[in-house]
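Enquirer: Just need the structure, nothing else, for what follows:
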Amino acid sequence: MENIIADLENMRLDAYISSKEENMSRTNIQRLIEEGNVLVNGQKKKISYKVQMGDNIEINIPEAKETNIRAENIPLEIVYEDKDIIVVNKPKGMVVHPANGNPDGTLVNAIMNICKDSLSGIGGEIRPGIVHRLDKDTSGLLIVAKNDLAHINMSKQIKDREVKKIYIALVKGNINENEATINMPIGRSTKDRKKMAVRKDGKEAITHFKVLKRYGDYTLLKVRIDTGRTHQIRVHLAEIGYPVVGDMVYSKGKNEFGVEGQMLHAQSLEFKHPITGQEMHLEADLPQYFKNVLKELDGRN
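Expert: Next comes the predicted model:
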């Protein structure tokens, strides 16, 4: 990379490289710096290093390693697929990433089998590019990038809040407002590290909801999120007193329908195709168990 010019002096090292290398994500750049693959005047530096006039920056991008994640032939509903992205309707109960306790049977295992040789290597190993997530018991649409360019572009769209995400939720209680916005910061719970909570020192979290139907003791909501904090919808709705039916973490979970896990479904996505720029609008129908519960509630009316 060329020597530093005056108007870019004193920028953080990762920010400077990001301004020059549009095809690299900030996260990937930070990983390269931490692993010693970025040298400033022949020396390793910290991410926070402030670049100076005359600095010479060398970037070494190692070849992506083969992942040790096993491809598995797991049936998946594919809503859209081309050479750059795949959008699936994730079923309730499926974990997205392999981890301790869930080494296989995950969405990534299934995508590995579908994509074969068309995968992103942006994380340092060749695997599907998961650009956003859904909780284990949240069903619905999820975008997966098949290559690095698609991964970087989709990640940027999500970071810049250009992806419109719509969810359907059934909550306990009768909400008075027809529509409202919840603007409460969310952070890690100080009481239980596995949970999130509304905290003054948390990160900005904005959730909009609109009532679709009232069922007396329950309300069906259309939910749109501007931010993508962990468990955001579940935390926000529980905080205002209307927990998602079946949520085992942010409410007692027990319910008259025998549903285990939150009744929350990622119904639609709007975004620009990461390579062609085409406007995309995709939808996934409610899962059958969700429809059955609504049918039962309709029958009471």
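Enquirer: Confirm residue 236 sits in a helix?
Expert: Yes. Counting by DSSP: H, G, I helix; E, B strand; the rest coil, residue 236 falls inside a helix.
Enquirer: Run a quick neighbour tally on it.
Expert: Neighbourhood size, residue 236 [other C-beta atoms under 10 Å]: 26. Every residue, glycine included, has its C-beta placed from N, CA and C.
Enquirer: Offset the numbering so it begins at 45, please.
Expert: Noted, 45 is the first residue going forward, which turns the last one into residue 280.
Enquirer: quick one: least confident helix or strand in the protein?
Expert: Sorting the helices and strands of the chain by mean pLDDT, DSSP states H and E puts strand 169-170 at the bottom, at a mean of 44.
Enquirer: That one: what's the following helix or strand?
Expert: Using DSSP states H and E, the helix or strand that directly follows strand 169-170 along the chain is strand 173-174.
Enquirer: Show me the contact partners of the helix or strand just after that next one.
Expert: Going down the chain from strand 173-174, the next helix or strand is strand 183-189, by DSSP H and E. Applying C-beta atoms under 8 Å, 6 or more residues apart in numbering, the contact partners of strand 183-189 are 123, 128-136, 140, 151, 155, 159, 164, 172-178, 195, 198, 211, 308-313, 315, 318, 326-328, 331, 334.
Enquirer: Restricted to buried residues, select those in PyMOL.
Expert: Buried residues among those (16 or more other C-beta atoms under 10 Å), as a PyMOL selection:
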select buried, resi 123+128+129+130+131+132+133+134+136+140+151+155+159+164+172+173+174+175+176+178+195+198+211+308+309+310+311+312+313+315+318+328+334
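Enquirer: Restricted to helices, list the contacts of strand 183-189.
Expert: In this view, the contacts of strand 183-189 that belong to helices under DSSP state H are 151, 155, 159, 195, 198, 334.
Enquirer: The last one against residue 309, yeah?
Expert: Read it as residue 334. Yes. Contact criterion C-beta atoms under 8 Å: residue 334 and residue 309 qualify, at 6.1 Å.
Enquirer: any idea which of the ones in helices among the contacts of strand 183-189 is least confident?
Expert: Among the ones in helices among the contacts of strand 183-189, residue 159 carries the weakest pLDDT, at 76.
Enquirer: Any figure for the gap between that one and residue 132?
Expert: As judged by C-beta to C-beta, to the nearest Å, residue 159 and residue 132 stand 11 Å apart.
Enquirer: Next: residue 252.
Expert: Using C-beta to C-beta, residue 252 is found at 25 Å from residue 132.
Enquirer: just residue 53 next, same as before
Expert: If you go by C-beta to C-beta, the gap between residue 53 and residue 132 works out to 46 Å.
Enquirer: What does the closest residue to residue 154 other than its chain neighbours show for phi and psi?
Expert: Counting by C-beta to C-beta, 6 or more residues apart in numbering, residue 154 lies nearest to residue 118, which is 3.9 Å off, once chain neighbours are set aside. The phi/psi pair for residue 118 (degrees, to the nearest 10) reads phi -110, psi 130.
Enquirer: and residue 118, what does it touch?
Expert: Here residue 118 is in contact with 149, 153-154, 157 (C-beta under 8 Å, 6+ apart).
Enquirer: Next, count neighbours for the closest residue in space to residue 310 that isn't next to it in sequence.
Expert: Leaving aside its chain neighbours, residue 310 sits nearest to residue 184 (2.7 Å; criterion: C-beta to C-beta, 6+ apart). By the measure other C-beta under 10 Å, the count of residues near residue 184 is 26.
Enquirer: Can you read off the pLDDT for residue 246?
Expert: 94.
Enquirer: That one and residue 229 touch, don't they?
Expert: Yes. Between residue 246 and residue 229 there is a contact at 3.6 Å, judged by C-beta under 8 Å.
Enquirer: And the nearest residue to residue 175 once chain neighbours are set aside, how close does it get to residue 188?
Expert: Excluding the flanking residues, the one nearest residue 175 by C-beta to C-beta, 6+ apart is residue 198, at 4.3 Å. Distance, residue 198 to residue 188, using C-beta to C-beta: 9 Å.
Enquirer: can you check residue 221 too?
Expert: Between residue 221 and residue 188 the computed distance is 36 Å (C-beta to C-beta).
Enquirer: ok, those two, which is more surrounded?
Expert: Using other C-beta under 10 Å as the criterion, residue 221 and residue 188 rank with residue 188 on top: 26 against 10.
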